[in-house]
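> test case, fold it:
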Amino acid sequence: MLDQVKTDIDALMAEIGRNARAAARPLAIASAEQKNRALEAMAAEIFAGREAILAANAIDVANARESGVAASFIDRLTLTPERIEGIATAIRDIADLKDPVGDIIAEWDRPNGLHIERVRTPLGVIGVIYESRPNVTADAGALCLKAGNAVILRGGSDSVNSSQAIHSCLVAGLKSAGLPEHAIQYVPVTDRAAVGAMLSGLNGSIDVIVPRGGKSLVARVQSEARVPVFAHLEGLCHIYVDKSAELGMAQKIVVNAKMRRTGICGAAETLLIDHTVADTHLAPLVGGLRAAGCEVRATEEIRTRIPGLVAATETDWSTEYLDAIISVSLVDGISGAIEHINRWSSAHTEAVIAEDPAVVERFFAEIDSAILVHNASTQFADGGEFGMGGEIGIATGKMHARGPVGVEQLTSFKYRVRGTGQVRP
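Residues are numbered from 1 along each chain as shown. Below you'll find the predicted structure:
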């Protein structure tokens, strides 16, 4: 029986791969107007179908609560009328973006008269594997479409009802614009064998895999994938408060970076404070976090100054809490902050709060994370906030895509060489 199930899943995934590859060809040459028409129709379908989406999401949330998952997980899973309206708005924002396909990135002339152009092209077929967040279904589908790519979506079992309800709206939008319905496919089974099939590349059908989820999922993808991966391992984000920081600004930023939404990858997980301002800055910063409902895990030095804090262990410096918990340490100025961050960071997002430009420049020059922020919250680590019209995720690797993966990052390029009869001697 198990062999039969595996055979059935392999056959299903192979068909999905073939359909995606076939859809990618007409999608690559679709006009910007046709793609935008599909996106506008998708947004309208999602708004019109919000009651059905909410009903499907209620099933997923009830199942999650019954299984006893963390509150932060429930928050990522839950849809509300406002969040559904936000999903529709995000799709419209993607429609408003400039179409990247065919954009000339660079061009130049050679002494022999050849004119060379580097031009953006779609990647082809993208596989997106994600967990819990049903909005990723819409974000990934819309972004891949805008960049001229077919996409295969494999959401987590926890959000399957919500994601399928959203996916049906995306397909309706494709059909209304005359684009192939297989341009955006949702894997209809929750068996983990489907993930393995995607990681194999589906017989050459998938060009790139984008994982979006917990550390175990991304680690599996990086370990098993036979195709290129845009990796986002985890968001172990730091904030360093320098002695030159304006305290009121620092308090506001630290609380927002940790507590605005604790379950997103841009939430701060570690706070570092310049040792020389411990007497003036430590208590207000820690007090602001505790007043906002955050558990503070601190070094022994800090706990002697502020009673009642939880003792931080070495594990805390490498933990992405995704919850109302933060680890706090005093460091020896910007040098100590750089040393700590370079040791423990996941290369996602780091922030410095400082008025000294020399400190800021060292922070920017000596830390090699994908996103570096000065005097602002780490929660701005988001494609929409960057003006990129949404993102599939934050890539923390260094090849091809880094930081928010938006429409431009979902393209490759080719060279067009124009001559007037030249031959090579």
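
> please enumerate the helices of this protein.
2-28, 32-48, 50-67, 71-77, 81-96, 135-146, 160-176, 193-199, 215-224, 247-259, 283-291, 300-305, 333-344, 357-366 (DSSP state H).

> tell me which of those helices is the most buried.
With neighbours taken as mean count of other Cβ atoms under 10 Å, the helices of the chain reach their highest mean count in helix 135-146, at a mean of 28. Where you see a C-beta, it was placed from the backbone N, CA and C, and this is true even at glycine.

> between the two ends of stretch 390-400, how far is it?
From its first residue to its last, stretch 390-400 covers 18 Å (Cα to Cα, to the nearest Å).

> and that stretch, how far from the chain's centre?
Relative to its chain's centre, stretch 390-400 lies at 7 Å (Cα atoms, centre = their mean, to the nearest Å).

> now swap in stretch 218-230 and tell me
Centre-to-centre, stretch 218-230 and its host chain are 16 Å apart (Cα atoms, centre = their mean).

> mean confidence for that stretch?
For stretch 218-230, the per-residue pLDDT values average out at 88.

> enumerate every residue touching Thr276.
Lys243, Gly333 (Cβ atoms under 8 Å, 6 or more residues apart in numbering).

> who's the nearest residue to Ile105 once chain neighbours are set aside bridged to?
Nearest residue to Ile105, sequence neighbours excluded (Cβ to Cβ, 6 or more residues apart in numbering): Arg118, at 4.5 Å. According to DSSP bridges, the partner residues bridging Arg118 are Ala106, Tyr415.

> tell me, how many residues neighbour Arg118?
Other residues near Arg118 number 14, with proximity taken as other Cβ atoms under 10 Å.

> numbering from 706 from now on, please.
In the new numbering, first residue 706, that becomes Arg823.

> residue contacts, it?
Counting by Cβ under 8 Å, 6+ apart, Arg823 touches Ile809, Ile810, Ala811, Glu812, Phe1118, Lys1119, Tyr1120.

> ok, those residues vs Arg917, which is closest?
Closest approach between these and Arg917, by Cβ to Cβ: Phe1118, at 24.3 Å.

> so that closest one makes contact with Ile809?
No. Counting by Cβ atoms under 8 Å, Phe1118 stays clear of Ile809, with 9.6 Å between them.

> joint contacts of these two?
By Cβ under 8 Å, 6+ apart, Phe1118 and Ile809 have these common neighbours: Arg823, Val824.

> any regions of this protein where pLDDT drops low?
Under the criterion pLDDT under 70, the flagged ranges of the chain are 706-711, 938, 1094.

> pop the domain breakdown of it in here.
Following automatic domain parsing, the chain resolves into domains at 707-935+1110-1122, 942-1085.

> tabulate the ones you listed (TSV), appending distance to Gly1102.
Formatted as TSV, the domains of the chain follow (distance: least, Cβ to Cβ, whole Å):
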stretch	distance to Gly1102
domain 707-935+1110-1122	7
domain 942-1085	8
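
> which of those sits closest to Thr1101?
Of those, nearest to Thr1101 by Cβ to Cβ is domain 942-1085, at 4.5 Å.

> now the contacts of Arg823 in CSV, with distance to Arg966?
As requested, the contacts of Arg823 are exported to CSV (distance: Cβ to Cβ, whole Å):
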residue, distance to Arg966
Ile809, 39
Ile810, 35
Ala811, 38
Glu812, 43
Phe1118, 35
Lys1119, 39
Tyr1120, 43
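
> of the residues you listed, just say which sits nearest to Val1057.
Ile810 (31.6 Å).

> what is the neighbour count of that closest one?
Each residue near Ile810 was counted by other Cβ under 10 Å, and the total is 12.

> so it versus Gly1095, what's the distance?
When distance is defined by Cβ to Cβ, to the nearest Å, Ile810 is 22 Å away from Gly1095.

> can you check Thr1018 too?
Thr1018 sits 37 Å away from Gly1095 when distances are taken as Cβ to Cβ.

> ok, the two, which is more surrounded?
Using other Cβ under 10 Å, the more surrounded residue of Thr1018 and Gly1095 is Gly1095, with 26 against 10.

> hmm, that one is touching Val1110, no?
No. With contacts counted by Cβ under 8 Å, Gly1095 stays clear of Val1110, the gap being 9.8 Å.

> anything in contact with each of these two?
For the pair Gly1095 and Val1110, residues contacting each of them under the criterion Cβ under 8 Å, 6+ apart are Leu848, Gly1088.

> now do the contacts for Val926.
Under the criterion of Cβ under 8 Å, 6+ apart, the contact list for Val926 reads Ile834, Leu904, Ile914, Pro916, Val934, Ala936.
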